[in-house]
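Novice: build me a model from this:
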Amino acid sequence: MARDVIDMTPLQSRDALVAWFEAGEKPRENFRIGTEHEKFPFTTRHEPLPYEGTRSIRALLEGMQTMLGWEPIMEGEAIIGLVDVTHGGAISLEPGGQFELSGAPVDNMHQTCAELQAHLAQLREVAAPLGIGFLGLGMAPTWTRSEMPVMPKGRYRIMTGYMPKVGTLGLDMMYRTCTVQTNLDFCSEADMVRKLRASVALQPVATALFANSPFTEGKPNGFLSFRSEIWRHTDADRSGMIPWAFEPGMGYERWVDYALDVPMYFVKRGDRYIDVAGQSFRDLMNGTLPGLPGERATLSDWANHVSTIFPEVRLKRYLEMRGTDAVPWRSLPSLPAFWVGLMYDETCLDAAWDLVKDWTAEERQSLRDAVPKLGLKATIAGRTVLELAKECLAIARTGLERRARQDWMGRDETRYLSPLDDIVARAQTPAEELLAKYHGAWGGSVDPVFSEYAY
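Specialist: Numbering: from 1, shown residues only. Purely as a prediction, here's the structure:
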């Protein structure tokens, strides 16, 4: 979720941009887990949900506000989200009405799971009387792009105008995809770099394990993760496998230089979004931006700009794992469990890096390009993704065991890996399970997904 930041401190130098990232460092004992997940709301007729009306996105948000007491996020007269000012969670809208929970930063996976279950229970209580359901897939399975509603958010209007100029599928990314993401902390610049490199290299493994977008407009689209394929054709300036992050000298400064080279979308002043799509943040810092002559960048502008960069792993004041499709709700906690097990234990992080350290940039890119279609069958350096997934899960299990975070029944966090263990044991991605049903019990129809896979 991109929630606009308000900090009008003027930016005096590039050093201030570096310091902004550095301020995200936390001592290891304060490491937290953040989970974000999106889902498609749909009507009883299996149509996308409009923003306005008695059965609508707006009605959902207003009902959730009444239930939770969270602060509304407004844009003009439109409610576009909710924020829990006490604990840090938020509900927001993606461009096509995808309903997103940005979870609060929590200590352990049990809290992540409890937060998710509470959110879905609350959502069902509001949604059921309205005849609204929710679907966790990486790609809208039946709806055309023109059928998708448009949320009343200024930043999305600007992005909608810009996307066709820089790629062929950016509007599909905005309006017809859903993801689940995990956000993780780092304690130093060196720790950030280690985690970034290992997680970028292994992101295609996670993409394969969570591949769950095989349908477009009611038919198989030829991919297991079409959402992942869509990102390959969205905007090369701001997405991808960031090969330069593996080069000597990687750190906050290098990321700042990368972000400065990414064209802007907008500048926000008050409640107004100013379209500066394609223009340079460097010019804004210098007061020479064509769209805003004389105006200088603020920390708010920087934080908002950083939120419009979409590589497979994104650095903010934490690291975002961005490579996975939305999945059925029982599997959602598996993503943070996977990454926490790999990243939050030093020995396991070393083991994860050992898996990938000899891969070249070309090999990493080739794997990234192959996984959307081949899933677990894709190969790199003579090994299948299935083999790599087995090793990653073994490492992650060790990391979670060593964390020894137990729930009230004395169970540790390894149990959240079970859905992934099942995928590896069957060598079948979620998408391949869906395709088997489509060609079998569903008789060539996608429609049963709205009942069998609803949240």
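Novice: going forward, measure contacts and count neighbours with C-alpha atoms only.
Specialist: OK.
Novice: for the record, mean pLDDT for the top helix by length along the chain?
Specialist: As assigned by DSSP state H, the longest helix anywhere in the chain is helix 189-209. The predicted model assigns helix 189-209 a mean pLDDT of 98.
Novice: ok, and what's touching whichever helix or strand comes after that helix?
Specialist: From helix 189-209 onward toward the C-terminus, using DSSP states H and E, the following helix or strand is strand 215-216. For strand 215-216, contacts defined as CA atoms under 8 Å, 6 or more residues apart in numbering pick out 139-143, 221, 226, 446.
Novice: change it to 6 Å
Specialist: 141-142, 221 (CA atoms under 6 Å, 6 or more residues apart in numbering).
Novice: heading C-terminal from the helix or strand hosting residue 65, find the next helix or strand.
Specialist: Secondary structure assigned from DSSP H and E places residue 65 in helix 57-68. Counting by DSSP H and E, the element after helix 57-68 in chain order, helix or strand, is strand 71-75.
Novice: could you give the angle of the helix or strand that comes right after that next one to helix 57-68?
Specialist: Going down the chain from strand 71-75, the next helix or strand is strand 78-83, by DSSP H and E. Orientation check (axes from the mean of the first three to the mean of the last three CA atoms, to 10 degrees): strand 78-83 against helix 57-68 gives 40 degrees.
Novice: let's have the chain start at 32 instead
Specialist: Fine by me, first position is 32 from now on; the one you just mentioned is strand 109-114.
Novice: now whichever helix or strand comes after strand 109-114: how far from the chain's centre is it?
Specialist: Following strand 109-114 in sequence order, the next helix or strand is strand 121-124 (DSSP H and E). Distance, stretch centre to chain centre, for strand 121-124: 13 Å (CA atoms, centre = their mean, to the nearest Å).
Novice: for strand 121-124, which helices and strands make contact with it?
Specialist: Secondary-structure packing of strand 121-124 (3 or more CA pairs under 6 Å, 6 or more residues apart in numbering; DSSP states H and E): strand 109-114, strand 130-133.
Novice: give me the contact list for that strand.
Specialist: Here strand 121-124 has contacts from 112-115, 130-133, using CA under 6 Å, 6+ apart.
Novice: can you give me the distance of residue 158 to residue 60?
Specialist: 38 Å (CA to CA, to the nearest Å).
Novice: comparing those two, which residue is more hemmed in?
Specialist: residue 158 (24 against 8; other CA atoms under 10 Å).
Novice: what residue of this protein is the furthest out?
Specialist: residue 325 (35.0 Å; CA atoms, centre = their mean).
Novice: who's in contact with it?
Specialist: Counting by CA under 6 Å, 6+ apart, the residues that residue 325 touches are residue 318.
Novice: do you know the pLDDT at it?
Specialist: 90.
Novice: which residues are contacting the lengthiest strand in the chain?
Specialist: Using DSSP state E, we find that the single longest strand of the chain is strand 64-74. The contact list for strand 64-74 (CA under 6 Å, 6+ apart) reads 79-80, 129-134, 136-137, 163-167, 209-215.
Novice: among those residues, which are located in strands?
Specialist: Those of the contacts of strand 64-74 lying in strands (DSSP E): 130-133, 163-166, 211-215.
Novice: pick out the most distant pair among the residues you listed.
Specialist: 163 and 215 (32.4 Å; CA to CA).
Novice: tell me the mean pLDDT for the helix or strand that contains residue 141?
Specialist: Assigned by DSSP H and E, residue 141 belongs to helix 140-158. Mean per-residue pLDDT for helix 140-158: 97.
Novice: with stretch 108-120 instead?
Specialist: Per-residue scores along stretch 108-120 average to 94.
Novice: buried residues in it, which are they?
Specialist: For stretch 108-120, burial by neighbour count (16 or more other CA atoms under 10 Å) applies to 110-115, 120.
Novice: what of stretch 461-476?
Specialist: Those would be 461-463, 465-466, 468-469, for stretch 461-476 by 16+ other CA under 10 Å.
Novice: what sits up against that stretch?
Specialist: With CA under 6 Å, 6+ apart, stretch 461-476 has contacts from 242-243, 245, 255.
Novice: could you dump that stretch to PDB, C-alpha only?
Specialist: Provided in PDB are the C-alpha atoms of stretch 461-476 (Å, rounded to 0.1, in the frame of the first residue of the first chain):
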ATOM      1  CA  PRO A 461      -1.500 -23.300  -6.700                       C
ATOM      2  CA  ALA A 462      -2.000 -22.400 -10.400                       C
ATOM      3  CA  GLU A 463      -1.600 -26.000 -11.500                       C
ATOM      4  CA  GLU A 464      -4.100 -27.100  -9.000                       C
ATOM      5  CA  LEU A 465      -6.600 -24.500 -10.400                       C
ATOM      6  CA  LEU A 466      -5.900 -25.600 -14.000                       C
ATOM      7  CA  ALA A 467      -6.400 -29.300 -13.100                       C
ATOM      8  CA  LYS A 468      -9.900 -28.400 -11.700                       C
ATOM      9  CA  TYR A 469     -10.600 -26.200 -14.800                       C
ATOM     10  CA  HIS A 470      -9.800 -29.100 -17.200                       C
ATOM     11  CA  GLY A 471     -11.500 -31.600 -14.900                       C
ATOM     12  CA  ALA A 472     -14.200 -31.100 -12.300                       C
ATOM     13  CA  TRP A 473     -15.000 -27.600 -13.400                       C
ATOM     14  CA  GLY A 474     -15.700 -28.600 -17.000                       C
ATOM     15  CA  GLY A 475     -13.900 -25.800 -18.600                       C
ATOM     16  CA  SER A 476     -15.400 -23.100 -16.500                       C
END
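Novice: distance from that stretch to the middle of the chain?
Specialist: 26 Å.
Novice: cool, stretch 358-378 as well?
Specialist: Worked out by CA atoms, centre = their mean, stretch 358-378 lies 14 Å from the chain centre.
Novice: that stretch spans what distance, first to last residue?
Specialist: 29 Å.
Novice: which residues in the stretch 382-486 of the chain form helices?
Specialist: Assignment of helices within the stretch 382-486 of the chain using DSSP state H, counting those that start in this stretch yields the ranges 392-405, 416-434, 449-457, 461-470, 480-483.
Novice: again but with the stretch 182-331 of the chain, I slipped
Specialist: Going by DSSP H, counting those that start in this stretch, the stretch 182-331 of the chain shows helices at 185-197, 201-207, 220-240, 257-262, 283-292, 312-317, 330-337.
Novice: for those, which one sits closest to residue 422?
Specialist: Across these, closest to residue 422 is helix 220-240 (CA to CA), at 10.6 Å.
Novice: what's next to that closest one, contact-wise?
Specialist: Residues contacting helix 220-240 (CA under 6 Å, 6+ apart): 217, 344, 354-355, 384, 399, 406-407, 460.
Novice: what comes up buried for it?
Specialist: Quick answer for helix 220-240 (16+ other CA under 10 Å): 222-240.
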